[in-house]
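A.B. asks: sequence first, then the predicted structure, then my questions.
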Amino acid sequence: MCRIGAIKSSNYVHPSLALKLMESQQKGHDNSGFAMVMHDLGGIFENYKHLPTLSMACTDEGLKLAEDMMHEAGFQRVMQWVPETDPQPGLDIHAMPNYVFETFDYPRYFRNGEQKEKEELLLDMRLKLRKALEEDEQGFVYSFWPDVVTLKEIGDPKDIGTYFKLWTPDDKFTARVITAQCRQNTNYDIVRYAAHPFFMQGYTALANGENTFYLKNVAAQRKLHRGYIGFESDSQCFLYTLHYVHRELRWPLRYYKHVVTPLPFADIERREDKEQWLALRQSLAHLEINGPNTIIGVLPDFTMFTCCDAKKLRPVVIGRTDDTVVISSEVCGINDILPDRDWETDIYPHEREIVAIDNDLEVQRWRQ
Amino acid sequence: METVRVQSVTPNDMPWKIKYDASRCTLCGSCVSACSFRAIECKVERRRMVFSEGEIPDPQQRFSSVPVIRQVKDIQHYCRGCGICEKVCPNDAIAPERNQDTRHPIISRCLGGDSIKRGGRKNLESSVRTLDKLRIGRISQMTDPSLDAQRHTFDMLAPFGRILPAETLPFSVDSNENLQIEDNMPPVRWIYPVVIGDMSIGALSWRMWEAVAMAVAYLNEECGMPVRMCSGEGGVPVRLLKSKYLKYMILQIASGHFGWNRIAKAMPHMVEDPAGILIKIGQGAKPGDGGLLQAGKVADHIQAIRGVPKADLLSPPNHQGLYSIEESVQKMFLSFNAAFKFRVPVAIKVAASSTSVSVFNNLVRDPYNIVGGFFLDGIDGGTGAAHEVSLDHTGHPIVSKLRDCYQAATAQGRQGQIPLWAAGGLGKTGDLAADAFKMMCLGANGVFTGKLILQMAGCVGNDMGRCNACNTGLCPVGITTQEPALVHRLDVDRVAQNIVNYFLAMDTEFKKLMAPIGNSSLPVGRSDALISTDRAVADRLDIQYVC
């Protein structure tokens, strides 16, 4: 089983906080990996918020191939950050030779382009790189997006932290939003792409649980968007549905909850807006999820949210202080990083609500 | 000594022989009067008894006349094996016995010069049904827990109506971030995933049809189960058309258009819309064949409802004037949608065929969004009357074809846009919940069933040639006949009660199947929940092979 955590703060925070958040929850997962997505970056990335950063892990050949492709596509590198590593003997990590965080300027003919065009270009570029590097596992391309970096690796989260020197806070590698998870998806093959959080065009999703409508979701999503690929984990479906509902259909966030866990028909009947409810339930029946799960998500505007399956079969808790909100599978993680908070204000979301935290850290609870 | 006349018909030429024990018979006559086929008769036999009374043999003879029951030696009145004689006999003195040596298929053609007709169903060649080779093998446990069939709530409804892809929904977002509907959408009804399939007044006795309608009303009004019933081709009593219960009826139109005159005339007086319209193009049990209601069954009330004289009523095998799928979309669907001002979903029923996917593809791609359901009927279902050659030698099984249609929709990203409803031998073993559930996992939104409903009512027919005389109008249990004496054998209330109880039981069984796979809504397309120990079946249906 997974444990998931997410931090949203008005200050820039270091990933060591995310590692600490997950540390006390380690009995709930198998310590088989560590993955995190950081949004709203500080430190060395703070001045490049408007430019896309490529996050990938690759071999030397893969790096060359990717850089050649980026160059050919007209992207110009403006910044590169290679994390310092500490490859001590005995660490449980299946490290790739290179971890690349490179920030690029857009191709010249795109610089004055529409935002939407740029966003499609970034997706296409990531998909192209991913495909090119797939052969012989030359590399894994996790994200290519402004103000976002992603790190995923196989091994013991503690050792991965040590390897990347993430246990020691600094002000170079920080963000206002960090989502993290400490397990490779072991239901299927151990592949780096199967580790959540999953990212696409500004959206991040991670989940604790199972999606028993995986097959239905996959069959529907494959045809919905060119970017809905991979499906190495049943939790990827949560991200793609979020992306589809919020970005493609442009429906407000709370409709995501309505799509994945629609109200029972008996409840819909009692509502004034039942026509809308029925229409979206029937049109998106194949994106409904079933099975036990808790989802945490981040939107392109850095709104963070969480919701659960319709039977509340997985835990989640939200703890907060004036400057930080933390979502976590277990409260012990929050106790570790926000020990002085007023725990009476902790929120345990129920099965019919979606809880969202905006950039002022205001918490909104929408009930279905 | 009598002359041997080998061409004469005798009971050993018949499919059933009457086994009669004169020593137990009280000669009450119940069996003869109860036999609707007149396959047995009273007769007086001349008997000779030879006896000797003294110590020395002194043969004497005595003749007597003994009343007995005897099988009629007439191809018009052959025994169908229904067993009503046995049911009514107080002494177990009489019963039909299957005759392995029957010459019926040959002699009835030779003597009649006409094709053999019968009711009932097709007997598929395989002894084990495909559905019985499937099991629900994906059991939720541990991190993905099973649900509790008793405690949890389940959402068991299926759509009937055209469903728009989400990106074409006419939604806008208002200032409160609520979705608002800006335009009309095709009507969709969410109904119980088992529709009582199309059996007409005419095919069914009026009491049987009424019993089904009563059961449907009870299930809706008292049990909260939105079960719908399809009228079949042949109209609906005007009183029902004008009542609130019309909302539980799916009105059928088929190639004969029987009954639609009355329906059209009743439209201004309708207080409720019907649940839907089902345009019947074909039927699985006798594909490519039209309907046939023999004059004998066209009783007064049938004449009134259909507006026809007492004559053989033939529904042509195809809809006159339809030359292409596109045309059918434009003409029929549009006109029926328009007739009810686009408030009532209109669906199509076709016989499963090698070409079903092409038909389905054409409909699913129609730009008008007005085809509200694809009812696909396989070979193994029942029929009131058909030529035996059609029943035995034409048709297409439902399981793989339904799967093909679902996969065709999925390949185009159009699954669910035209709901798939499947039928054809479902519930044949008496266990409709399991069959329906497996069909849903393969991609059906719901199923429809007809023959099983008759069996709930007391139909004695079976797949091994028992009874199957629906075409004769002499149904011995009053289900498919218009003979008042036979119809009154049917207890309307008991039939309705049986149907209601069966649906309640089935509903519980659905939950018992949904709980272990951890689903609270119907598992449409969840083929990952199915396994098969038959490699060919697993490969064909694209499910997991297990051994």
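C.D. replies: All right, it came through fine.

A.B. asks: for chain B, what's its nearest residue on chain A.
C.D. replies: Each residue of chain A has a distance to chain B, by CB to the nearest CB, and the smallest belongs to residue A:223, at 2.6 Å. For glycine as for every other residue, the C-beta is placed from the backbone atoms N, C-alpha and C.

A.B. asks: quick one: classify residue A:326 as helix, strand or coil.
C.D. replies: For residue A:326, the secondary structure call by DSSP: H, G, I helix; E, B strand; the rest coil comes out as strand.

A.B. asks: which residues touch it?
C.D. replies: Going by CB atoms under 8 Å, 6 or more residues apart in numbering or on different chains, residue A:326 touches A:5-8, A:21, A:318-320, A:333-334, A:337-338.

A.B. asks: residue B:262 reaches residue B:242, doesn't it?
C.D. replies: No. Using CB atoms under 8 Å, residue B:262 and residue B:242 do not qualify as a contacting pair, with a distance of 10.8 Å.

A.B. asks: ok, back up a step: ok, the residue of chain A closest to chain B - how many residues close by?
C.D. replies: Residue A:223 has 16 neighbouring residues, counting by other CB atoms under 10 Å in any protein chain shown.

A.B. asks: look up how far residue A:279 lies from it.
C.D. replies: Taking CB to CB, to the nearest Å as the measure, residue A:223 and residue A:279 are separated by 20 Å.

A.B. asks: mean confidence score for stretch B:395-406?
C.D. replies: Along stretch B:395-406, the predicted confidence averages to a pLDDT of 96.

A.B. asks: that stretch and chain A, any residue contact?
C.D. replies: No. Applying CB under 8 Å from any CB of the partner chain, one finds stretch B:395-406 separated from chain A by no less than 9.3 Å.

A.B. asks: dump that stretch to CSV, keeping only the CA atoms.
C.D. replies: As requested, the backbone C-alpha atoms of stretch B:395-406 are provided in CSV (Å, rounded to 0.1, in the frame of the first residue of the first chain):
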residue,chain,number,x,y,z
GLY,B,395,-28.5,-17.2,-36.3
HIS,B,396,-25.4,-16.1,-34.4
PRO,B,397,-24.5,-16.5,-30.7
ILE,B,398,-24.6,-13.3,-28.6
VAL,B,399,-21.5,-13.5,-26.5
SER,B,400,-18.7,-12.9,-28.9
LYS,B,401,-20.8,-10.5,-31.0
LEU,B,402,-21.6,-8.3,-28.1
ARG,B,403,-17.9,-8.3,-27.2
ASP,B,404,-17.1,-7.3,-30.8
CYS,B,405,-19.4,-4.4,-30.7
TYR,B,406,-18.0,-3.1,-27.4
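
A.B. asks: contact partners of it?
C.D. replies: B:122, B:124, B:130-131, B:284-287, B:351-354, B:356-357, B:360, B:374, B:376-380, B:415, B:420, B:422-426, B:439, B:442-444, B:525, B:527, B:540-542.

A.B. asks: filter these down to the buried ones, PyMOL style.
C.D. replies: To isolate the buried subset of the contacts of stretch B:395-406 in PyMOL, counting by 16 or more other CB atoms under 10 Å in any protein chain shown, use the following:
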select buried, chain B and resi 122+124+130+131+284+285+286+287+351+352+353+356+357+360+374+376+377+378+379+380+415+420+422+423+424+425+426+439+442+443+444+525+527+541
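
A.B. asks: near chain A too, which of the contacts of stretch B:395-406?
C.D. replies: Okay, of those touching chain A (CB under 8 Å from any CB), that's B:415, B:525, B:527.

A.B. asks: looking at those, spot the one nearest residue A:200.
C.D. replies: Set against residue A:200, the nearest of those by CB to CB is residue B:415 (22.6 Å).

A.B. asks: for the closest one, what is the enclosing helix or strand?
C.D. replies: Counting by DSSP states H and E, there is no helix or strand that carries residue B:415.

A.B. asks: likewise residue B:70?
C.D. replies: Residue B:70 is part of strand B:60-71 when elements are defined by DSSP H and E.

A.B. asks: what does the model give residue 118 for pLDDT?
C.D. replies: As the question left the chain open, I've gone with chain A. For residue A:118, the model assigns a pLDDT of 96.

A.B. asks: other chain: chain B
C.D. replies: Confidence at residue B:118, expressed as pLDDT, is 88.

A.B. asks: again with the one 3 residues further on
C.D. replies: According to the predicted model, the pLDDT of residue B:121 comes to 68.

A.B. asks: what stretches of the stretch 101-250 of chain A score poorly on pLDDT?
C.D. replies: Applying pLDDT under 70 to the stretch 101-250 of chain A flags the ranges A:184-188.

A.B. asks: picking up where we left off before, which residues touch the residue of chain A closest to chain B?
C.D. replies: Taking CB under 8 Å, 6+ apart as the contact definition, residue A:223 lies against B:410, B:412-413.

A.B. asks: show me which helix runs longest in the chain.
C.D. replies: You didn't say which chain, so I picked chain A. helix A:115-134 (DSSP state H).

A.B. asks: please go with chain B instead
C.D. replies: Under DSSP H, the helix in chain B containing the largest number of residues is helix B:492-514.

A.B. asks: and whichever helix or strand comes after that one, what does it pack against?
C.D. replies: Scanning forward in sequence from helix B:492-514, with DSSP H and E defining helices and strands, the next element found is strand B:530-532. Strand B:530-532 makes packing contacts with strand B:134-136, helix B:535-541, strand B:544-545 when contacts are defined by 3 or more CB pairs under 8 Å, 6 or more residues apart in numbering or on different chains; DSSP states H and E.
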